[in-house]
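Novice: Got a sequence here, can you build the structure:
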Amino acid sequence: MTTSTTSATSMTTDTAPVRFDTKIAVVLRDDLQPWQRLNVTAFLVSGLGSELPEVIGEPYADADGTPYLPMFRQPVLVFEGTKETLTAAHSRALSRALPRAVFTSDLFTTGNDRDNRAAVRAVPKDQLDLVGLAVYGPRNAVDKVIKGARMHP
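Specialist: All right, here's what the predicted structure looks like:
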């Protein structure tokens, strides 16, 4: 059964896998250093979680009842591609009006959110030097947006 609040298809048993009709995808430029890939991914997905409450699951707790923060309710799939692949994905995400977050190369030289936002604001969208893009939406639409990107190794 599909529900509009979770956008997930659930099976009749609790052990059956859940298949989501939405996708969270991150596309990273393939020339990033390992630390940059991790940093960019963390920053990008934080944007989705803050603006899209439907992507957040329920809070966690261990067997002792210690509470933990909720996380995404579905997997985040990480891809990589060339600068051109990332630019094309950005254009497709914009044309489909999908929720998205961007990380540009300029953000590696800033140290806070205010300066990050100013760095992005200073550059027209078609001139952004993208190193990462996160996108969320219907699975088939996200697949079209990230066309040409390959799964991160």
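
Novice: ok but V123 is inside a helix, no?
Specialist: No - V123: not assigned to a helix; according to DSSP: H, G, I helix; E, B strand; the rest coil it is coil.

Novice: what about the strands in the chain?
Specialist: In the chain, the strands defined using DSSP state E lie at 8-9, 19-20, 22-29, 60-61, 67-68, 76-81, 100-104, 130-138, 150-151.

Novice: If we go by neighbour counts, what in stretch 72-87 is buried?
Specialist: For stretch 72-87, a neighbour-count test (16 or more other Cβ atoms under 10 Å) marks 73-74, 76, 78-81, 85-87 as buried. For the C-beta atoms, the positions are set from N, CA and C on the backbone; glycine is no exception.

Novice: no, scratch that, I was asking about stretch 54-72
Specialist: Neighbour-count burial for stretch 54-72, counted by 16+ other Cβ under 10 Å, picks out V55.

Novice: Report how many residues lie close to P99.
Specialist: A count of neighbours around P99, defined by other Cβ atoms under 10 Å, yields 15.

Novice: residue contacts, it?
Specialist: With contact set as Cβ atoms under 8 Å, 6 or more residues apart in numbering, P99 has these partners: 48, 51-52, 135-137.

Novice: Now do it, the pLDDT please.
Specialist: pLDDT recorded at P99 is 97.

Novice: quick revisit: turn the contacts of P99 into CSV, columns for distance to P59 and pLDDT.
Specialist: Shown next, in CSV, are the contacts of P99 (distance: Cβ to Cβ, whole Å; pLDDT from 0 to 100):
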residue, distance to P59, pLDDT
L48, 18, 92
E51, 19, 89
L52, 17, 92
V135, 26, 98
Y136, 21, 98
G137, 25, 97
